[in-house]
Structure formats: C-alpha cells, structure tokens
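# Any chance you can model this:
(one chain, ligands or ions: 1)
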Amino acid sequence: MPKDVGAMRKDVGMRHAADDRSSSSGVAVLALQGDFEAHRRKLSEIGIASFEARRPEQLMQADGLILPGGESTTMWKFFETLPWEQAIREFGASGRPILGTCAGAILLAREVTNPGQKGMGLLDIAVERNAYGRQLDSFIGQVDAPELGGPLPAVFIRAPRIRRVGNEVETLAWLSSEPVLVRQGNILAATFHPELTEDERIHRLAFEAVAVRARRA
Ligand code: GLN
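Numbering: from 1, shown residues only. Next comes the predicted model:
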C-alpha cells in the first residue's frame, strides 16, 4: 500500500515549508490576560490542539495564533516587557493564521481611538473602542454572515466598532450593516466573542488549514 505523503516525508527526511519550526504544537493562545481558556475549549471541541503562550518565543512552534478578548491596554503593558510585538509581527508575516477577538482585534488594527492607543497595523482597519455606549455595554446580537452560511449569534462585551475598512480587507459579517468580522489575508478579526457561543464556524474558518494538516499528520 502506498504510504501517505506525511509518512514519506518522514522517511526521506524532507520537511514541509513550515517545519523548520520542528515539532509544532497546535494553535498558540495568547495567555497573558483575558478569556484565553474559552478559546482553548472551543479549539478542543473542533479537534485542534492548542497551548497557552506566555512567552513570545513560544510562537515559533505554533501553527496558528489567537489574540483573545480582554483589555487591550493591559495586553500592551505586557508587550512592553518582552518582545511580543516583534514575535506577533513575524508570525503574521510567516503567513500562519491569526484570529483576534475583541481586544485582540484592537491590538491588530491600524488605528485605535476612544481612548487612542497603538495598533500593530497588521489589519488595515480603524477601530473605536467601547463604542456601543453604556446602554449596550454588553449584549448578544445576531450577525449576518452569508459567507459563513447564515446568521450567527454573537456576544459583544465592551466591544469596539470598526469605523474604517481598508481596500485589502474583506468583511465577512455585519451587525446592522456595520462590519464585525473582517479578514485580510491570514488575519481574521471579530469585534465579538465567538469563543462564548456554541457556534464553531469562526474558529473553523480561521484554522481550517491547521485542522487539515493535523488530520494528515
Ligand atoms: N474594551 C476592551 C478594550 O478596549 C475590549 C473588550 C473585550 O475584549 N471584550 O480593549
């Protein structure tokens, strides 16, 4: 019986482009602050291995990266203590998938207001933080996501609003005709918390390639 490609590669000592990272260990979930555990549960439900990233060098062996919700200002404080920003930029440039949710989307954005702070600019969007006002501080909405197969329940917690979307950015879901899920190449970002509902579509979409590789391995 012919061996599968993965086994053949091992036999001849060949390596896949991504594999100078030697043993990869699944999706890294940034675990400095915020709701990283819920993301790990969601990944495990769809059969994708993950680990908690607490040091930037851990990203080297990851197949994907999640920047979770939480408080983006606090995350930036952690980023000042170790070379996180450089590690995340290199990760993005390598083409591996990144999912940013809520505060994670704020970290990735090009422009950040209310209050203003630095954005990594890996995603060409402008976000306004805490932008739904006091009455709607946190709420569950139904977002339109035709490309994902239809409406999706979405938990918004002190969520940002996307105020500008660059030319290279596709919008994949809307809440009252405003973008709430956007993609630019390997970077996917939601202003809500897909890890807090039963729906698995966003994690599947972000890490499809990782899941396929895991099945082949
Ligand atoms: N309001 C937070 C911020 O500005 C984001 C909230 C969240 O991630 N749920 O960073």
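
# Kindly state the beta-bridge partners for Leu123.
Beta bridges link Leu123 to Ala109, judged by DSSP bridges.

# ok, now which ones touch it?
Contacts for Leu123 (Cβ atoms under 8 Å, 6 or more residues apart in numbering) come out as 100, 105, 108-110, 169, 182, 184, 187, 189. (Each C-beta comes from the backbone N, C-alpha and C, glycine too.)

# Could you do Gln142 as well?
By Cβ under 8 Å, 6+ apart, the residues touching Gln142 are 151-154.

# pretty sure it belongs to a helix, no?
No: in this structure, Gln142 is strand, not part of a helix, as judged by DSSP: H, G, I helix; E, B strand; the rest coil.

# Okay, and the beta partners of it?
Beta-bridge pairing of Gln142, defined through DSSP bridges, involves Pro153.

# Could you list the single helix or strand in the protein with the lowest mean pLDDT?
Ranked by mean pLDDT, DSSP states H and E, the weakest helix or strand in the chain is helix 5-12, scoring a mean of 39.

# For this protein, which residues are neighbours of the ligand?
Contact residues (Cβ under 6 Å from any ligand atom) of the chain with the ligand: 69-72, 102-103, 106, 129-130, 157-158.

# Can you flag which of the contacts of Leu123 belong to strands?
Using DSSP state E, the members of the contacts of Leu123 that fall within strands are 100, 109-110, 182, 184, 187, 189.

# what are the ranges of the strands in the chain?
For the chain, applying DSSP E gives strands covering 27-30, 50-53, 64-67, 98-101, 109-113, 123-128, 138-143, 152-157, 161-165, 170-175, 178-184, 187-190.

# got these as JSON lines, with mean pLDDT columns?
Below are those laid out as JSON lines (pLDDT from 0 to 100):
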{"stretch": "strand 27-30", "mean pLDDT": "98"}
{"stretch": "strand 50-53", "mean pLDDT": "98"}
{"stretch": "strand 64-67", "mean pLDDT": "98"}
{"stretch": "strand 98-101", "mean pLDDT": "98"}
{"stretch": "strand 109-113", "mean pLDDT": "98"}
{"stretch": "strand 123-128", "mean pLDDT": "98"}
{"stretch": "strand 138-143", "mean pLDDT": "96"}
{"stretch": "strand 152-157", "mean pLDDT": "97"}
{"stretch": "strand 161-165", "mean pLDDT": "98"}
{"stretch": "strand 170-175", "mean pLDDT": "98"}
{"stretch": "strand 178-184", "mean pLDDT": "98"}
{"stretch": "strand 187-190", "mean pLDDT": "98"}
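
# Right, I'll call it a day here.
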